[in-house]
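# Fold the following for me, if possible:
(one chain, ligands or ions: 1)
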Amino acid sequence: MSNIPVCHIIGGGLSGVACAYFLKKHYPDFHSVIYEAKEYIGGRSCSQYDDEWNMHINNAAHMVLSSDRFMKNFVHEEEWSDKVLFFDMDTLGSNIALNDNTDVICQKICNTSYDDIAAKVKSRILKIFKSNFKHLKFYAFNRDLTQRVINVLASYADEIHCSCRLTKIMSRKGHAHTLCFGRRSVKLRPCDRVIFALDNTAAAPLLKIPLLEYNNSVSISYYTSQTIFLPHGASFVGVKGGVADWISISPNIISAQICNYENNFTTLDKLALYVWGEISRIRGVNSAFMPSYRLEVNRHTSVKMDNVNNSLRPDNAKTIYDNIFMCGDWTMKNYPCTLETAALSGERAVRTMLKFIK
Ligand SMILES: Cc1cc2nc3c(=O)[nH]c(=O)nc-3n(C[C@H](O)[C@H](O)[C@H](O)COP(=O)(O)OP(=O)(O)OC[C@H]3O[C@@H](n4cnc5c(N)ncnc54)[C@H](O)[C@@H]3O)c2cc1C
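Here you go, the predicted structure:
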């Protein structure tokens, strides 16, 4: 082991496990070690086992565009549903045309209202829409995210240490020499490198970079003992003028996503009840009873996409330390914070790191 360079990857979300994957692909001689603060890997795109429901529940229903090359190539086509429907709560009308609903799609991609998206981010998304609209599809991932995506990428790492939170970097003249995980520390040799794959909240104080603001969201999963169908055989619905922004179905679960939730219900139970009513209206049925549900408030869903926050985002993988590089969805300036950008940022960090190896 003494001659083998080690790449220490801090953070086991999608960008971190993608680093391990790209490192094995581009430089298999590196020994990669992932350190994750939580007891499990996956970060914001994980799934958790629910004992009572006896199944895995995704942190949120994740969606991607067919132009997201990494995600599309990585996950088999049959694991995605592409039957999207757009439903207007005011008129109770629906349609399936993507090009009539680019504002709704932008809202989902950026987790905020269309008006709050920075012009540069908006123009990047609209460019994708314009350039290949004919072939563009919008997909919902309807399987277990940890098992199908995170664990597959993580299998390229040589070691994974969970419950290991990086607390401090010890450095000299812009060169990090020790990583501290509470009372445990790891000494860095000249041949070793570090990639930070953290959310901005965790990375900012450690790397002395601006702290960005985040948008929140709420995800609700309702358990359905029978298979539930959405109108026109859709697998997911983009909602206009409702409280819920997205409704999607997977076996035994119907989930709702509320982008950038603004606390306008006195309790979260009331929110869940109201959204169940909306789902029933979309389905054109009476909401006879409320099923068992799980509700998750995600306070750090994605970095705010407004001009101020976008301008503070980095647009390369370098840090103030010559042996530390960084990735994470927020590090891709002018891009929305998505699965695709998290994975691409991991690839960029690995490539940048390799460029600096003498
Ligand atoms: C509710 C919700 C809905 C979403 N919907 C979509 C969608 O439909 N489509 C889409 O493409 N994307 C969606 N996203 C965004 C997508 O999940 C993220 O862009 C992606 O998962 C980010 O990955 P990441 O690795 O950059 O960050 P993270 O997943 O945040 O990973 C960072 C990791 O670092 C760990 N960590 C933090 N501090 C430390 C420390 N000090 N030491 C060690 N480890 C540490 C964290 O525990 C975490 O595991 C959604 C996200 C949420 C929350």
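# What lies in contact with the helix or strand of the chain with the lowest mean pLDDT?
The weakest-scoring helix or strand in the chain, judged by mean pLDDT, DSSP states H and E, is strand 80-81 (a mean of 79). With contacts defined as C-beta atoms under 8 Å, 6 or more residues apart in numbering, strand 80-81 is touched by 64, 139-142, 235-236, 248. Bear in mind the C-beta positions are built from the backbone N, C-alpha and C, glycine included.
# By neighbour count, which of the residues you listed wins?
Ranked by the number of neighbours (other C-beta atoms under 10 Å), those place Ser248 first, at 26 neighbours.
# In terms of distance to the ligand, which of the contacts of strand 80-81 ranks first?
Distance to the ligand, by C-beta to the nearest ligand atom, is smallest for Val64 among those, at 5.3 Å.
# Now do the SS call for the closest one.
Following DSSP: H, G, I helix; E, B strand; the rest coil, we place Val64 in the strand state.
# do you know how far it is from Ala349?
21 Å (C-beta to C-beta, to the nearest Å).
# quick one: least confident of the contacts of strand 80-81?
pLDDT across these is lowest for Asn142, at 73.
# ok, for it, nearest residue in space, not its chain neighbours?
Excluding the flanking residues, the one nearest Asn142 by C-beta to C-beta, 6 or more residues apart in numbering is Ser250, at 4.1 Å.
# And the pLDDT at the one you found?
85.
# what do you get for Asp103?
For Asp103, the pLDDT comes out at 83.
# got any ranges where this structure has weak pLDDT?
1, 132-134, 358 (pLDDT under 70).
# what residues does it put near the ligand?
For the chain, the contact set with the ligand under C-beta under 6 Å from any ligand atom comprises 10-16, 35-38, 43-45, 59-60, 62-64, 165-166, 197-199, 202, 217, 219, 298, 301-302, 328-329, 337-340, 342.
# if we can go back for a sec, any idea how many residues pack against the residue nearest to Asn142?
The burial count for Ser250: 21, using other C-beta under 10 Å.
# can you check Ile220 too?
22.
# isn't it right next to Ala272, touching?
Yes - contact criterion C-beta atoms under 8 Å: Ile220 and Ala272 qualify, at 5.4 Å.
# which residues do the two both contact?
Joint contacts of Ile220 and Ala272 (C-beta under 8 Å, 6+ apart) are 293, 295.
# Look at whichever residue of the stretch 151-300 of the chain sits closest to the ligand and tell me its secondary structure.
Nearest residue of the stretch 151-300 of the chain to the ligand (C-beta to the nearest ligand atom) works out as Ala202 at 3.3 Å. Assigned with three-state DSSP, Ala202 falls in the helix class.
# That one: what's it in contact with?
So Ala202 contacts 11, 37 (C-beta under 8 Å, 6+ apart).
# which non-adjacent residue is nearest Val121?
Met305 (5.2 Å).
# Listing partners with orientation, what would you give for the helix or strand where Ser255 lies?
Assigned by DSSP states H and E, Ser255 falls within strand 253-259. Using DSSP bridges, the strands paired with strand 253-259 are strand 214-223 (antiparallel), strand 246-250 (antiparallel).
# continuing past the first one, what's the next helix or strand?
In this case it means strand 214-223. Next helix or strand after strand 214-223 toward the C-terminus (DSSP H and E): strand 236-240.
# re earlier: ok and the strand holding Ser255 relative to strand 236-240, angle-wise?
Counting by axes from the mean of the first three to the mean of the last three C-alpha atoms, to 10 degrees, strand 253-259 lies at 30 degrees to strand 236-240.
# can you pull the buried residues of the helix or strand just after strand 253-259?
Using DSSP H and E, the helix or strand that follows strand 253-259 in sequence is helix 268-283. When burial is assessed from 16 or more other C-beta atoms under 10 Å, helix 268-283 yields the following buried residues: 271-272, 275-276, 278-279, 281-283.
# Domain parsing of this structure, as residue ranges.
When the chain is parsed with automatic domain parsing, its domains come out as 6-46+146-211+305-355, 62-142+213-303.
# The last one: end-to-end distance?
Counting by C-alpha to C-alpha, to the nearest Å, the length from the leading to the trailing residue of domain 62-142+213-303 is 16 Å.
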